[in-house]
Structures are given as structure tokens and as C-alpha cells.
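Asks: any chance you can model this:
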Amino acid sequence: MKKKQAPPGGDGKKNMLWGLFGSFLKIGALTFGGGYAMIALLEEEFVGKKKWMDREEFLDMVAIAESTPGPIAINAATYIGYSNAGVWGALVATAAVCIPSFLVIYCISLYFDRFLTIPWVARAFSGIRVCVVYLIASAGLKMLRGMKKTGRNLTLMIGVMVTMLVFSLTAVRFSTAYYILICGTVGIVGETLRNMRGGRAA
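Replies: This is a model prediction of the structure:
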């Protein structure tokens, strides 16, 4: 991981930390549907607006956040915070992304039964579900466009999509963890074989 350098001086580091806190507090408050729905907002904020990451690093971050234990939203916040401002950046970003959901869920838990009986709440969430589907699909399409179109990547993508479709239609349960492990293993083996061939050719 290549850690970004904050501007010289204490003020530069403070500005970076406040920037991370404000960005993740905003994203945490506006994200509905979990970490996958957050991906599109993260890309727009840190790749598009602030340009603290390039698209390739962002895709690597998503892969790391997905393949490591814990919620993808928290893992992504920790990664981006650390890559931009070290350990304090990771702590600030992780705390900021958790604060809105913690406060909202805490308040709802106090009045959970009454909350569910409010008609406009049920109507609002029925509309939010549509938005969540769009955000997840949008994030997937952006990642697809940013992915390197190598034969190996395309083969893995098509294979996973076909397998998931078949398993869904036949009601076969297959954990996403296995998809990650299998694709990671194929990537390691493929890259190793390519390097071995390159070494022989040289």
C-alpha cells in the first residue's frame, strides 16, 4: 500500500484528518444498503472529487476490503484512512463511518415497535430499496469499466457470473468466500505461470 504524503506541517495533517472525518461522516450518513451501496459514493468522493486515489488503487482497495474479515464499509474506511494519513487516519475514518449508523440504530432501538408502525417510514424504505439496487448496480458497472480487460480477468468474471446464475436458479448455496478464494488462487497461479514463462523467454 502506498501511503499518501500529507502537506508539510501539523496543519496539513490536521486538515487531512478533518477531511477524512467529514467525508466518511457524510458517506456514512447517506449510505443505505450496506457497504456495496457505499462503493459508488466512495469512488465519487475519493477518486473523482478529492483525487486521493486512482481508479486502479480503488479497485484493489475494494478487493481487499471484500476479501478480509469484517464489513466492507469499515474495511474500506480503514484502508483509505491509513493510505492517506497513517494510523490516525485509519482510526478517524473508521470512527466517522460508524457514527451515523450507530446513532440511527440506537435511536430506532429505543422506539423500535413504534417506529415500525409509522406508515411513512414503511413507504420511505420501499423507495430506498430501489435506490439501493441502483447504487449497487452502478458501483458494479463502474468497477467493470475500470477493470483491466485481460483474458484471465474476463474468463474469471464470466465464469463467476454464470456459476452464480446457475446456482441461483437451482437453489444451490455457495458462499461468496469461496468465489474470492477460487479467483484469488487462479490469479496467483496465472501470474506465477506468466512470470515463469517470461523468465524462460529471457
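Asks: only C-alpha atoms from now on, for both contacts and neighbour counts.
Replies: Will do.
Asks: does anything pack onto the helix or strand containing residue 127? Which helices or strands?
Replies: Element membership of residue 127 [criterion: DSSP states H and E] is helix 119-146. Packing contacts for helix 119-146, counted by 3 or more CA pairs under 8 Å, 6 or more residues apart in numbering; DSSP states H and E, involve helix 35-42, helix 55-67.
Asks: out of those helices, which comes closest to residue 87?
Replies: Nearest to residue 87 among those is helix 55-67 (16.6 Å), distances taken as CA to CA.
Asks: for that closest one, the averaged confidence score.
Replies: Average pLDDT, helix 55-67: 83.
Asks: quick one: the helix or strand following that helix to helix 35-42, angle?
Replies: Sequence order places helix 72-110 as the next helix or strand after helix 55-67, per DSSP H and E. Counting by axes from the mean of the first three to the mean of the last three CA atoms, to 10 degrees, helix 72-110 lies at 110 degrees to helix 35-42.
Asks: can you pull the buried residues of helix 72-110?
Replies: Residues of helix 72-110 classed as buried by neighbour count (16 or more other CA atoms under 10 Å): 72-86, 89-98, 100-101.
Asks: can you tell me the SS state at residue 173?
Replies: Under DSSP: H, G, I helix; E, B strand; the rest coil, residue 173 falls in the coil class.
Asks: looking at the helices and strands packed on helix 119-146, which is buried most?
Replies: helix 35-42 (a mean of 22; mean count of other CA atoms under 10 Å).
Asks: which strands and helices sit next to it?
Replies: helix 10-30, helix 72-110, helix 119-146.
Asks: any idea how far the longest one is from the chain center?
Replies: From the chain centre to the centre of helix 72-110 is a distance of 13 Å (CA atoms, centre = their mean, to the nearest Å).
Asks: what's the angle between it and helix 10-30?
Replies: Using the same axes, to 10 degrees: helix 72-110 against helix 10-30 is 60 degrees.
Asks: beyond the helix holding residue 127, next helix or strand please.
Replies: helix 151-169.
Asks: give me the residues contacting that following helix.
Replies: With contacts defined as CA atoms under 8 Å, 6 or more residues apart in numbering, helix 151-169 is touched by 173-174, 179, 183, 187, 190.
Asks: ditto for stretch 132-139
Replies: For stretch 132-139, using CA under 8 Å, 6+ apart, the contacting residues are 32-33, 36-40.
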